[in-house]
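**Student:** Sequence plus the predicted model coming up.
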Amino acid sequence: MNGGKAKGIVVFSGGSAANNLVDVFKTVREHKRCPLDYVIPISDNGGSSSELIRVFGGPGIGDVRSRLVRLIPDDPEHDDSEKAALKVFFNHRLSKDRIQAKLEWFQIVEADHALWTNISTAKKELIRSILNLINFEILKRLRPSSTFDFSAASIGNLFLTGTNRNSARLFTGSFESAIYLLSSICSVPSHTSVLPAINTNFTHHISAGLANGVTITGQNSISHPSEVSAVEHPPVSQHDEVEHADRIEDANLPGSLPTLRKQYISFSKTHEEDLPARIERLWYINPYGQEIRLAANPRVLDALQEAEAIIYSIGSLYTSLIPSLILKGVGAALANPSIRYKILILNSTIDRETGPFASPFTALDFVAAIAKAGAESRGLPEAPRSEFKTYVTHVVHLQGPGTPRVDKDELSVLGIVPIKVYGRKEAHDAFVRYDEKALIQALEVTMGRRDPWAEKMRRNTFEG
């Protein structure tokens, strides 16, 4: 029981897209005076995270780091230069040039870099001790077949890796301790938590099955691929590739899938090939491509137990939301009728994972995917349409060029409330975007607001 404490809000999201709504969720939390928990997947194997996973193993930490740093509080009434400096420091990426990146890294660990300006001596030496530890571990792992590539490396990711562990390594031996330390350094408020979907010190990858029978393995290949890679069991033609990967000494087990061992430091989020067919299902795999079922972080289940509202935030449906929802324990928690509001904030556009195909995903397709994930978490193959409202009670959406189609009657018949929010369109934007004030109003009126003056402040910015 929560002992009279206000029931909280749990937000399921990935990294960069949902970061744009952090101020929205912060405002709603402040008005309701309740806890706020972000649930973040750890299956990302792209960007500089791919090199950390290759050399050290461990979970994909980039989205966790991104959210923690985004939560560093801004205080417009005070000139807090240290918090601003910490935000820049932990978000900083080294040069894309491999040689320049390594030189810049040495400048940072030797405290001879402009990034340290305005960071207090106590925090600087604590951060540096972790970075020097990860630097020492990188040097220990140097092999003729494998050297660490600092290209575009995130300083925050390196810091979290230094405080996390894989096998017998590094500082705290705990992913949650690493998050706690970075939260403390960055002054993230205690009422707001960032929870990895799985509390693990190991790497966990995902695969997606398409409607045409193709299986794609690895989050980067699903969301931002250079090529589509079929998994199942590697055919004989891939034998040489496996043998070549086994000759490289890194954190991967011998014989594991080469596509999970590659570097994906450079990829484009804007020039993506369309998927040949819809994604029908997503699951976790072991290093050899076999399906496994994993349990959710117990703290995630505790947060859901104490929640009044769930928000499925904007972002990639199958790589930002579904990896958290299919974990054991999550589906049953989502289906708990004590959670009154289960709100999907629909993306403002379709992406590689939801279109174009023969017909792009509609609002109902998004709801169906979430319901299917919740059912699979509970060991069920499907969720009948009559149970969709068990997982989603409201759909907040925009209307305009490129937005997913919303059939209000179709949703209403299923007991799901559609809420149209008026958005904004900047001159340089091709698509309509969510307006923060309108979205805050929609969420607060949907969930209720503890402030008795809320209704007097209401604006005509949404329909519901």
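**Tutor:** Thanks, I have the structure now.
**Student:** CA only for contacts and neighbour counts going forward, please
**Tutor:** Will do.
**Student:** Assumed D74 was part of a helix.
**Tutor:** No. Counting by DSSP: H, G, I helix; E, B strand; the rest coil, D74 is located in no helix; its state is coil.
**Student:** for the helix of greatest length in the chain, which positions count as buried?
**Tutor:** Assignment by DSSP state H gives helix 121-140 as the longest helix of the chain. The neighbour-count check on helix 121-140 (16 or more other C-alpha atoms under 10 Å) flags K124, I127, R128, S129, I130, L131, N132, L133, I134, N135, E137 as buried.
**Student:** how close does the third one sit to I206?
**Tutor:** Between R128 and I206 the computed distance is 34 Å (C-alpha to C-alpha, to the nearest Å).
**Student:** With the fifth one instead?
**Tutor:** In this structure, I130 lies at 30 Å from I206, with C-alpha to C-alpha as the measure.
**Student:** The fourth one too?
**Tutor:** Relative to I206, S129 is positioned 34 Å away (C-alpha to C-alpha).
**Student:** For Q305, the count of nearby residues, please.
**Tutor:** 18 (other C-alpha atoms under 10 Å).
**Student:** Pull the contacting residues for the nearest residue to it once chain neighbours are set aside.
**Tutor:** Spatial nearest neighbour of Q305, excluding adjacent residues (C-alpha to C-alpha, 6 or more residues apart in numbering): A333 at 6.7 Å. Shown in contact with A333 (C-alpha atoms under 8 Å, 6 or more residues apart in numbering): L301, L304, Q305.
**Student:** what's the helix or strand harbouring T390 packed up against?
**Tutor:** Taking DSSP states H and E as the criterion, T390 maps to helix 388-391. Judged by 3 or more C-alpha pairs under 8 Å, 6 or more residues apart in numbering; DSSP states H and E, the packing partners of helix 388-391 are helix 363-377.
**Student:** got the contact list for the helix it packs on?
**Tutor:** 317, 322, 325-332, 334-335, 344, 346, 381-383, 385, 387-388, 390-392, 395, 404-407, 410-411.
**Student:** Tell me the buried residues within these.
**Tutor:** For the contacts of helix 363-377, buried by 16+ other C-alpha under 10 Å: 317, 322, 325-332, 334-335, 344, 346, 382-383, 387-388, 390-392, 395, 404-406, 411.
**Student:** centre of the chain versus stretch 420-432, how much separation?
**Tutor:** Offset of stretch 420-432 from its chain centre (C-alpha atoms, centre = their mean, to the nearest Å): 24 Å.
**Student:** what does it contact?
**Tutor:** Outside stretch 420-432, the residues touching it (C-alpha under 8 Å, 6+ apart) are 348-349, 396-403, 433-435, 438-439, 442, 461-464.
**Student:** average pLDDT across that stretch?
**Tutor:** Averaged over stretch 420-432, pLDDT sits at 82.
**Student:** buried set for that stretch?
**Tutor:** Those would be K420, V421, Y422, G423, R424, F431, V432, for stretch 420-432 by 16+ other C-alpha under 10 Å.
**Student:** Same check on stretch 102-111?
**Tutor:** Here stretch 102-111 shows K102, E104, W105, I108, V109 as buried, counting by 16+ other C-alpha under 10 Å.
**Student:** in a helix, that's where the second one is, yeah?
**Tutor:** Yep, that's E104 we're talking about. Yes. Under three-state DSSP, E104 falls within a helix.
**Student:** That one reaches R93, doesn't it?
**Tutor:** No. E104 lies out of contact with R93 (C-alpha atoms under 8 Å); the separation is 10.0 Å.
**Student:** Confirm that E30 lies within a strand, as I assumed.
**Tutor:** No. Secondary structure of E30 (three-state DSSP): helix, not part of a strand.
**Student:** Can you tell me how far the residue nearest to Q305 is from S377?
**Tutor:** 10 Å.
**Student:** quick one, helices of the stretch 151-300 of the chain?
**Tutor:** Along the stretch 151-300 of the chain, the segments classed as helices by DSSP state H, counting those that start in this stretch run 155-163, 175-185, 219-223, 239-246, 298-305.
**Student:** Name the stretch among the ones you listed that sits most buried.
**Tutor:** Mean neighbours per residue, mean count of other C-alpha atoms under 10 Å, is largest over the helices of the stretch 151-300 of the chain for helix 155-163, with a mean of 24.
**Student:** now for it, which elements pack on it?
**Tutor:** helix 48-56, helix 62-70, helix 81-91, helix 121-140, helix 175-185.
**Student:** between the ones you listed, which gets nearest to D240?
**Tutor:** helix 48-56 (19.3 Å; C-alpha to C-alpha).
**Student:** Please point out which parts of that closest one sit buried.
**Tutor:** S48, S49, S50, E51, L52, I53, R54, V55, F56.
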